[in-house]
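Chemist: attaching a predicted model along with its sequence, questions to come.
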Amino acid sequence: MNVLVVGAGGREHALCWKLNESERVDRILAAPGNGGTAREAENVAVRDDDIDGLIALAKAEQVGLVVVGPEAPLVAGLADALAAEGIPCFGPCAYAAQLEGSKAFAKDVMRAAGVPTAAYQVFDEPEAARAYIRQKGAPLVVKADGLAAGKGVVVAKTVDEALAAIDDMMVRKSFGAAGARVVVEEALSGEEASFLAFCDGEHYALLPSAQDHKAAYEGDTGPNTGGMGAYSPAPVLPQEKYAETAELCIRPILRHLAASGHPFKGVLYAGLMFTKDGPMVLEYNVRFGDPECQPLLMRLDSDLVEIMFACAEGRLTPDMVQVKPETAICVVLAAPGYPGSYPKGMEISGLDAIETGADKLPGVKVFQAGTKVEADRTVTSGGRVLGVTALGATLAEAKARAYEAVAKVGFEGCYFRRDIGDKGIARSGQ
Ligand code: AMP
Ligand code: GLY
């Protein structure tokens, strides 16, 4: 069977790498892909937002399964368009994808489904939002309703900061149409974790817990990024809590969406905060997290194609998802300046030695994100460039191995956090 992976990040490199292990797969196509997917698959120059182009590609290459990495094509209706052509797709329909595409939709679904989440109100008019903010007082969280590349959330410590966020989103329209509506919600505090489940519309099969590191710099300081590293499992959400946590944040959503006639098929990602009153859902994503996907797929012991087909065909069982007992960690190497503006085109060194040569380390895989192949060189082409991922018996061991590998690859001005995994090590003691 031919499989088409849509997207161009580290997540998509990891997806191609894992799908390649399956005996059911003949060819993997990546659209548009990156320097890493070029090593596992055939890159095709079709953008991830070109729905007509992706459909034409899937038909021309007789693709038997389309795996959608990022959220934007799902929100734009790629899964629906593929369904209309009878092409199996891993990823939810546009209606269900609103869980990520509209924060107001997600909050309303959570409220209706009884999922614990911060108290909130939705606003279409800046004056009404300002009055609510003045009445509630700080701290508060202001969220642009639509997709804003991870930048549409302001955790405001003061009323003035919250009011400034309203001006920015609703008056100056910094996020365009995505900020025409906002959610204002109660600020929660606690440690965060990501909890992902494969879903077939009715049933779910859990992946182990993971933890992202959204801030650019060590100690969770600096601007928010797409994620500077991740590891799995996250000791803040231990295995003995998986079942009850899924009944709290996965099952009610599946039930609600199935009852509304739009069953959720794909990966449902709950962004959780463990507050003193128990776990609360901060957000849903409708796809694998990036970089959470990289350590999660390093740990996955089952055939990913089988799981994805079972999701598409509504016959998923929990035992289809088997996971290695080891811990996995991914450290992101970013371009200087990221998440602000950054240079591109720097040559990346050390990749071949780590993959196949003298420096090859056991249990290590370098996933590429913002890279491309130019002549015979792999050069940077994005902000998050590499995700150096390692397995270990403990988190501390995985961390040591990952940073040993990090020391062997790089490019001019590259930066990374040295404290990926430290919260988990502090909590678990190993
Ligand atoms: P979101 O895109 O909704 O996950 O928000 C991005 C980040 O903002 C989260 O990972 C949290 O760190 C923070 N955040 C979102 N909602 C809240 C909240 N209600 N209270 C405190 N922090 C929040
Ligand atoms: N790493 C967080 C996300 O993918 O949204």
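Modeler: Alright, I've got the coordinates. Residues are numbered from 1 along each chain as shown. Ligands and ions are numbered 1, 2, ... in the order given.
Chemist: only C-alpha atoms for contact and neighbour calcs from this point on.
Modeler: Fine.
Chemist: for this protein, what lies in contact range of ligand 2?
Modeler: Residues of the chain lying close to ligand 2 by CA under 6 Å from any ligand atom are 212, 226-227, 289-292.
Chemist: out of those residues, which one sits closest to ligand 1?
Modeler: In terms of CA to the nearest ligand atom, no member of the residues of the chain next to ligand 2 lies closer to ligand 1 than residue 212, at 8.6 Å.
Chemist: ramachandran angles for the closest one?
Modeler: Dihedral angles of residue 212 (phi, psi; degrees, to the nearest 10) stand at phi -90, psi 170.
Chemist: list the residues that contact it.
Modeler: Shown in contact with residue 212 (CA atoms under 8 Å, 6 or more residues apart in numbering): 193-194, 227-231, 291-292.
Chemist: kindly supply the ChimeraX command isolating those of those that are buried.
Modeler: The buried residues among these can be selected in ChimeraX (16 or more other CA atoms under 10 Å) with this line:
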select :193,194,227,228,229,230,231,291,292
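Chemist: can you put the contacts of residue 212 in JSON lines and add distance to ligand 1 and pLDDT?
Modeler: Formatted as JSON lines, these follow (distance: CA to the nearest ligand atom, whole Å; pLDDT from 0 to 100):
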{"residue": "193", "distance to ligand 1": "9", "pLDDT": "97"}
{"residue": "194", "distance to ligand 1": "9", "pLDDT": "98"}
{"residue": "227", "distance to ligand 1": "10", "pLDDT": "95"}
{"residue": "228", "distance to ligand 1": "13", "pLDDT": "98"}
{"residue": "229", "distance to ligand 1": "13", "pLDDT": "98"}
{"residue": "230", "distance to ligand 1": "13", "pLDDT": "98"}
{"residue": "231", "distance to ligand 1": "15", "pLDDT": "98"}
{"residue": "291", "distance to ligand 1": "14", "pLDDT": "98"}
{"residue": "292", "distance to ligand 1": "13", "pLDDT": "98"}
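Chemist: for the contacts of residue 212, give me a markdown table that also has distance to residue 279.
Modeler: Shown next, in a markdown table, are the contacts of residue 212 (distance: CA to CA, whole Å):
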| residue | distance to residue 279 |
| --- | --- |
| 193 | 10 |
| 194 | 11 |
| 227 | 21 |
| 228 | 23 |
| 229 | 22 |
| 230 | 20 |
| 231 | 19 |
| 291 | 22 |
| 292 | 19 |
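Chemist: returning to what we had before: so of the residues of the chain next to ligand 2, which two are at opposite extremes in space?
Modeler: Of all pairs drawn from those, the greatest distance, 10.6 Å, lies between 226 and 292 (CA to CA).
Chemist: filter the contacts of residue 212 down to the ones in helices?
Modeler: Judged by DSSP state H, helices contain none of the contacts of residue 212.
Chemist: that's a strand at residue 282, yeah?
Modeler: Yes: Residue 282: assigned to a strand according to DSSP: H, G, I helix; E, B strand; the rest coil.
Chemist: contact partners for the residue of the stretch 201-350 of the chain found nearest ligand 2?
Modeler: The nearest approach of the stretch 201-350 of the chain to ligand 2 comes at residue 289, 3.3 Å away (CA to the nearest ligand atom). By CA under 8 Å, 6+ apart, the contact list for residue 289 reads 11, 269.
Chemist: for it, report the pLDDT, please.
Modeler: We have a pLDDT of 97 for residue 289.
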